[in-house]
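**Q** kindly generate the corresponding structure for this input.
(chains A, B, C and D)
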Protein chains: 2
Amino acid sequence: MRYFIAVVEEGSITHAAERLGIQQPPLSAQMKTLEQRLGIRLLTRLPRGVVPTPAGNALYEASLKILADIDKAVNTARRVDRAHAGNLHIGVTRSTISHPLIKHAISTFVEQHQHAEVSIVSKGSLELCSALAEDEIDLAVARPQESYSDRLRCETIVTESIVVALPTSSKFSHCASGPSVSLESLSELPAILYRDSTDPVLYKQIVRAFSNQGLSLVTIQETPSAHLALDLVSTGLGFTLVPQTLSDRYSDRIIYRPLIEPQQMQSSICLFSSRSDTDELSREFRLLLLKSSQQL
Amino acid sequence: MRYFIAVVEEGSITHAAERLGIQQPPLSAQMKTLEQRLGIRLLTRLPRGVVPTPAGNALYEASLKILADIDKAVNTARRVDRAHAGNLHIGVTRSTISHPLIKHAISTFVEQHQHAEVSIVSKGSLELCSALAEDEIDLAVARPQESYSDRLRCETIVTESIVVALPTSSKFSHCASGPSVSLESLSELPAILYRDSTDPVLYKQIVRAFSNQGLSLVTIQETPSAHLALDLVSTGLGFTLVPQTLSDRYSDRIIYRPLIEPQQMQSSICLFSSRSDTDELSREFRLLLLKSSQQL
DNA sequence: AAAACCCATACGAAAAAACTATGCTTGATC
DNA sequence: GATCAAGCATAGTTTTTTCGTATGGGTTTT
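**A** Purely as a prediction, here's the structure:
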């Protein structure tokens, strides 16, 4: 099956053989026996390579999915094995792990379950969700997603407001002087935005907040992560907007101010989990996190 | 993979080997190499047989699905192959093929597509839907289903009313004398119902219609098909209720009368098709049928 | 205590898959 | 238009995988 996929994708038995690390004649033979066993012509032989027949194309599409399913099945088995051995893989992002509530929940959990081995995986929110869907991890503490697999469950743990990170330079002093800042007062100042490919939601949210109020956003720099954006802020280049949690970690030559209009500028931290997961450990961690969320 | 499934289902390597037509030692070896390659313990060896570990169980469940998917993929390829060769498999039930509209549509289609080979498969509605979902057939003309795969599309072609089939015996003469019959007048008479396991909807519909009006239904006989029920009606045993189409075919010593309250006693004929189907022939047949439906 | 049951190991045999060498067809090149 | 290159197919051999037979060890049953 893997062979057939390679042949279709390469459009050539010879090239597919190279990719598979085998010789061309055996691959030709394999394709022939495959066609014989199914009783269907799958490939039309051209003088220059091969092309799948409609039936071959249908089989190719299905094969891709089946191969992916097999991988996933193995992952699932591995995860169940881990879980049963008292091993929990929790996925977090750099920003969510910074939040005291999350940190506290994890440390409490580890204390309460001395026998359990907890490993933390750090990735972007997007990657965490696909890793979760592929059963590579058991739980993910991530930012909300625009779309994710319907086999996942998403529960909001905390909603934190977004704050303005201002450089100490004089250019921003009129903002820093007040107790809070309006979006309008930021609209003409140089902004540093982070366009994290692994977590694209917050970026869009910020851009939308400005455009919704008809304000212009002067983006002088885009960075691949919020942390880097804050580093640039401390150089005085411009301001940025970050979830409040991050303000505790980077305070060197940065002044943080809340927004006057916080309602549409909030960022949640969510717990993503597999709906089908019946594992005891992950269930307990989930309940612990939900409980701490309610105590807020 | 097939081997692993057999082992789990039999709970014994020895018995699984029998079922697979191979010897026990090679199967033991296969299971061992499988576990080694995945790096997971899948089976716990008991003194009396084997039992899957949680991970093994997860893999078993997934494997079942994957094996089914593979079968389906092959079917799909076969169907595409057929379709491309101008071969259309249409599924019908005994009752839907009796309807003149359907018959006419099929004969028109065959005439218009002389080059096409059309084969008719006759099964119960339930089986037709699963055959369609498995890509064994291209289209199904069947009775409405309570639930079916979301990959299928269901379009109502005709809605026909259900009529009462009365024996000629004197016991039923007061019903047969009028132009139409009420459910109430039937409620104390002996009924013959057909509980077709392959088409359970109509049975439920009839039972509900009576119970909704608080009427009792005296079922003296259940048969596995409507045709057989009509045969019993002609012996004078009792009455039954059938879609109008069937009344044209069985008229020996049976009197048909419409119901006074036809609204909740109707039976549709639907065209089921695969949403993903892009084949030309099946598309044309579908459009032909929808067109004849609209001309009604 | 012996028998029955079942899994694991060991080794030889059969089958499947892969490699090398080579031929054949077809489009590209000069 | 003859040669060349590209790519698939076939043939025969070798290697790898899978399967079968024989046998041993542990556990429950009688």
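**Q** need the residues of chain A near DNA strand C, please.
**A** Proximity of chain A to DNA strand C (C-beta under 7 Å from any atom of the strand) is limited to residues A:21, A:22, A:23, A:24, A:25, A:26, A:27, A:29, A:30, A:33, A:47, A:48. Bear in mind the C-beta positions are built from the backbone N, C-alpha and C, glycine included.
**Q** out of those, which sit inside helices?
**A** Residues of the residues of chain A next to DNA strand C located in helices (DSSP state H): A:24, A:25, A:26, A:27, A:29, A:30, A:33.
**Q** can you give me the helices for chain A?
**A** Under DSSP H, chain A gives helices at A:2-10, A:13-20, A:24-38, A:54-84, A:100-112, A:125-133, A:173-177, A:183-186, A:201-212, A:226-234, A:280-295.
**Q** mind giving me the packing neighbours of the fourth one?
**A** For helix A:54-84, the helices and strands in contact under the criterion 3 or more C-beta pairs under 8 Å, 6 or more residues apart in numbering or on different chains; DSSP states H and E are helix A:2-10, strand A:87-92, helix A:280-295, helix B:24-38, helix B:54-84.
**Q** please work out how many residues are found near the spatially closest residue to residue A:203 that is not a sequence neighbour.
**A** In space, residue A:203 comes closest to residue A:195 once its chain neighbours are excluded; the distance is 5.1 Å by C-beta to C-beta, 6 or more residues apart in numbering or on different chains. Look at residue A:195: counted by other C-beta atoms under 10 Å in any protein chain shown, it has 16 neighbours.
**Q** residue of the stretch 151-296 of chain A nearest DNA strand D, please.
**A** Minimum separation of the stretch 151-296 of chain A from DNA strand D (C-beta to the nearest atom of the strand) falls at residue A:280, amounting to 27.7 Å.
**Q** what sits against that residue?
**A** Shown in contact with residue A:280 (C-beta atoms under 8 Å, 6 or more residues apart in numbering or on different chains): residue A:83.
**Q** tell me the contacts of the one residue sitting closest to the centre of chain A?
**A** When chain A is reduced to its mean C-alpha position, the closest residue under C-alpha atoms, centre = their mean turns out to be residue A:126, at 1.8 Å. For residue A:126, the residues meeting the contact criterion (C-beta under 8 Å, 6+ apart) are A:145, A:197, A:198, A:199, A:200.
**Q** what's the answer for residue A:285, then?
**A** Listed by C-beta under 8 Å, 6+ apart, the contact partners of residue A:285 are A:88, A:90, A:105, A:109, A:139.
**Q** residues in contact with residue A:59?
**A** The neighbourhood of residue A:59, defined by C-beta under 8 Å, 6+ apart, consists of A:4, A:38, A:40, A:42, A:52, B:73, B:74, B:76, B:77.
**Q** out of these, which is nearest to DNA strand C?
**A** Using C-beta to the nearest atom of the strand, residue A:4 is the member of the contacts of residue A:59 that lies nearest DNA strand C, at 11.9 Å.
**Q** TSV please, covering the helices of chain A and showing mean pLDDT and distance to residue A:243.
**A** Converted to TSV, the helices of chain A look like this (pLDDT from 0 to 100; distance: least, C-beta to C-beta, whole Å):
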stretch	mean pLDDT	distance to residue A:243
helix A:2-10	94	42
helix A:13-20	92	44
helix A:24-38	93	53
helix A:54-84	93	30
helix A:100-112	93	12
helix A:125-133	93	12
helix A:173-177	86	19
helix A:183-186	88	16
helix A:201-212	88	8
helix A:226-234	90	8
helix A:280-295	92	16
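**Q** distance to residue A:272 for the ones you listed - can I get that in TSV?
**A** Below are the helices of chain A laid out as TSV (distance: least, C-beta to C-beta, whole Å):
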stretch	distance to residue A:272
helix A:2-10	31
helix A:13-20	35
helix A:24-38	40
helix A:54-84	15
helix A:100-112	13
helix A:125-133	6
helix A:173-177	36
helix A:183-186	30
helix A:201-212	13
helix A:226-234	20
helix A:280-295	10
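**Q** please name the bridge partners of the closest residue to residue A:94 other than its chain neighbours.
**A** In space, and not counting its chain neighbours, residue A:94 is closest to residue A:122: 6.2 Å by C-beta to C-beta, 6+ apart. Taking DSSP bridges, one finds residue A:92 as the beta-bridge partners of residue A:122.
**Q** check the burial of residue A:122 by counting its neighbours.
**A** The tally of other residues near residue A:122 (other C-beta under 10 Å) stands at 13.
**Q** ok, it touching residue A:98?
**A** No: applying C-beta atoms under 8 Å, one finds residue A:122 not in contact with residue A:98, separated by 11.0 Å.
**Q** what residues sit buried inside stretch A:68-88?
**A** A:69-70, A:72-84, A:88 (16 or more other C-beta atoms under 10 Å in any protein chain shown).
**Q** from residue A:192, how far out is residue A:242?
**A** According to C-beta to C-beta, to the nearest Å, residue A:242 stands 10 Å off from residue A:192.
**Q** quick revisit: out of the helices of chain A, which is closest to residue A:257?
**A** Residue A:257 sits nearest to helix A:173-177 of all the helices of chain A, at 6.5 Å, using C-beta to C-beta.
**Q** for that closest one, name the packing helices and strands.
**A** For helix A:173-177, the contact count by 3+ C-beta pairs under 8 Å, 6+ apart identifies strand A:152-167, helix A:183-186, strand A:254-258 as packing neighbours.
**Q** okay, buried residues for the second one please.
**A** In this case it means helix A:183-186. If you call a residue buried by 16+ other C-beta under 10 Å, then helix A:183-186 has these buried ones: A:183, A:185, A:186.
**Q** over to stretch A:277-296?
**A** Residues of stretch A:277-296 classed as buried under the neighbour-count rule (16+ other C-beta under 10 Å) are A:277, A:279, A:281, A:282, A:285, A:286, A:288, A:289, A:292, A:293.
**Q** and which of the residues you listed is nearest to residue A:214?
**A** Using C-beta to C-beta, residue A:293 is the member of those that lies nearest residue A:214, at 35.5 Å.
**Q** might you report the residue contacts of the residue in the stretch 151-296 of chain A positioned nearest to chain B?
**A** Using C-beta to the nearest C-beta, the single residue of the stretch 151-296 of chain A nearest to chain B is residue A:279, 8.7 Å away. Contact analysis of residue A:279 by C-beta under 8 Å, 6+ apart lists A:80, A:83, A:84, A:138.
**Q** cool, and residue A:160?
**A** Counted by C-beta under 8 Å, 6+ apart, residue A:160 has contacts A:99, A:243, A:244, A:245, A:266, A:267, A:268, A:269.
**Q** the nearest residue to the second one once chain neighbours are set aside: neighbour count?
**A** Counting by C-beta to C-beta, 6+ apart, the nearest residue to residue A:243 once its immediate chain neighbours are dropped is residue A:267, at 4.5 Å. The burial metric for residue A:267, expressed as a neighbour count using other C-beta under 10 Å, is 22.
**Q** DNA strand C versus residue A:267, what's the distance?
**A** The span separating residue A:267 from DNA strand C equals 51 Å under the rule C-beta to the nearest atom of the strand, to the nearest Å.
**Q** state the pLDDT value of the residue of the stretch 101-250 of chain A found nearest DNA strand D.
**A** Checking the stretch 101-250 of chain A residue by residue against DNA strand D with C-beta to the nearest atom of the strand singles out residue A:135 as nearest, at 25.3 Å. With respect to pLDDT, residue A:135 scores 91.
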